[in-house]
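no letters, just coordinates:
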């Protein structure tokens, strides 16, 4: 795709920063990498770093589309094809069991529709895009970015005016941990209030759902993300049944267009907290 | 998004606030962001590698390739005095250049 722009400030920065970047890259290679690293694995990584974005053509945002030749997650999609109905509806117990088996094999950890008798209202439903959540008092949307690229990809989603279902992720910026950061980054909102038995067991269910890990899968592509429950919603009238953070939506391949789509979402039985949050790449044996 | 070993000590908020004020398209914003991040990465690596001998360079690059942040920091703290401050200052110097360019781009925008 040929890129053209009539945005003078962009053209100015593009030219200036591309030249600056090239100088820095050349300098790094000449001074250090020619002798030390180019023959090694580390060199390959460094080389990838120095050469990123030095093209004269602007880099366009790329959705993580999955194809059979580029990612084994497509095989997960194929595995699920005859187990997930074409229309978005509740799965029956037999269908859930088949999906559980596939996802458990995929993740290598038990994946379940219910744990200790607690389940959500659905396991196959429409997910929509949510905003970022405040993580600690004084947080702002810019602080969510780990890099300017990170911000360019996810910053536009903005930040929700209210707090998540469990309040702030940390009581202060000083106490804000890596785990808290990951929890916001890969959070989902689910309709906890519609879970069977919720009204009779509010306290028990609240504790159960708080940061509970769930595997969310786009069955069309096989893209999968380990997420945690950090908010309650959306409301029934929205026509959506769960929401995903900007990062979750991106990694499910649902960050463009209407920013919604059908997903499977099942609990991960992870009492040791061993499964990291974030996108999942299919193992070789799927 | 890949997290670098220095991410937690580099402040980027001032740059992205300025970049945000230019009314860029998402693809333009992403492109310029790549250039900023990659340039910062290169200049920080240059600053570090300039202070290490050949053996330590190889060790550093190995830890970098395995993304082992704790081993990277153990090595850097042993081998480079005030390494955090040096990384911060290196990044800050480049950020100031970016900041000046952004101010100039704003002037172009308002011409």
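Received it, and whenever you're ready, just let me know what you need. Just so we're clear, the structure is a prediction, and the values are computed from it rather than from any experiment.

use CA for all of it now, contacts and neighbours both
Noted.

what parts of the stretch 151-286 of chain A come near chain B?
A:151-153 (CA under 8 Å from any CA of the partner chain).

ChimeraX command for the buried members of the residues you listed?
Listed next is the ChimeraX selection for buried residues among those, using 16 or more other CA atoms under 10 Å in any protein chain shown:
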select /A:151,152,153
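
in helices, which of the residues of the stretch 151-286 of chain A next to chain B appear?
Among these, DSSP state H puts A:151-153 in helices.

of those, which is the nearest to chain B?
Distance to chain B across those (CA to the nearest CA) is lowest for residue A:152, with 5.0 Å.

excluding its backbone neighbours, what's nearest the closest one?
Computed as CA to CA, 6 or more residues apart in numbering or on different chains, the closest residue to residue A:152 that is not its neighbour in sequence is residue B:30, at 5.0 Å.

can you classify the one you found by secondary structure?
Here residue B:30 is helix, with the state taken from DSSP: H, G, I helix; E, B strand; the rest coil.

would you list the phi and psi of residue A:197?
phi 90, psi 0 (degrees, to the nearest 10).

tally of neighbours for it?
14 (other CA atoms under 10 Å in any protein chain shown).

nearest the geometric middle of chain B, what residue?
The centroid of chain B falls nearest to residue B:40 when counting by CA atoms, centre = their mean (2.8 Å).

for that one, give its distance to chain A.
9 Å (CA to the nearest CA, to the nearest Å).

secondary structure element for that residue?
Applying DSSP states H and E as the criterion places residue B:40 in helix B:26-49.

could I get the buried residue list for that helix?
B:27-49.

try stretch A:273-286
A:277-280, A:282, A:286.

can you redo the residues you listed as JSON lines with secondary structure and distance to residue A:129?
Formatted as JSON lines, these follow (DSSP: H, G, I helix; E, B strand; the rest coil; distance: CA to CA, whole Å):
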{"residue": "A:277", "secondary structure": "coil", "distance to residue A:129": "18"}
{"residue": "A:278", "secondary structure": "strand", "distance to residue A:129": "16"}
{"residue": "A:279", "secondary structure": "strand", "distance to residue A:129": "16"}
{"residue": "A:280", "secondary structure": "strand", "distance to residue A:129": "19"}
{"residue": "A:282", "secondary structure": "coil", "distance to residue A:129": "24"}
{"residue": "A:286", "secondary structure": "coil", "distance to residue A:129": "29"}
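
where does confidence bottom out across these?
Among these, residue A:286 carries the lowest pLDDT, at 57.

ok, residue A:235 - how many residues close by?
The number of residues near residue A:235, taken as other CA under 10 Å, comes to 14.

contacting residues for it?
Listed by CA atoms under 8 Å, 6 or more residues apart in numbering or on different chains, the contact partners of residue A:235 are A:191, A:241.

same question for residue A:264.
Applying CA under 8 Å, 6+ apart to residue A:264 gives the contacts A:123-125, A:215-219.

out of the residues you listed, who has the most neighbours?
Among those, residue A:216 has the most neighbours (other CA under 10 Å), with 29 neighbours.

was I right to think that residue contacts residue A:261?
No - taking CA atoms under 8 Å as the definition, residue A:216 is not a contact partner of residue A:261, at 11.6 Å.

buried residues, stretch A:77-94. List them.
A:77, A:79-80, A:83-84, A:91.

from these, pick the one nearest residue B:59.
Distances from residue B:59 to the buried residues of stretch A:77-94, taken as CA to CA, are shortest for residue A:77 (40.6 Å).

ok, now which ones touch the closest one?
A:218-222.

quick check: mean pLDDT of the top helix by length along chain B?
Assignment by DSSP H gives helix B:83-109 as the longest helix of chain B. Average pLDDT, helix B:83-109: 94.

point out where chain A drops to low pLDDT.
For chain A, applying pLDDT under 70 flags the ranges A:1-5, A:35-71, A:283-286.

just give the closest residue to the residue nearest the centre of it, not the sequence neighbours.
Among the residues of chain A, the one closest to the centroid is residue A:248, at 2.4 Å (CA atoms, centre = their mean). Computed as CA to CA, 6+ apart, the closest residue to residue A:248 that is not its neighbour in sequence is residue A:186, at 5.5 Å.

report the buried residues of stretch A:228-243.
Across stretch A:228-243, burial judged by 16+ other CA under 10 Å covers A:228-234, A:240-243.
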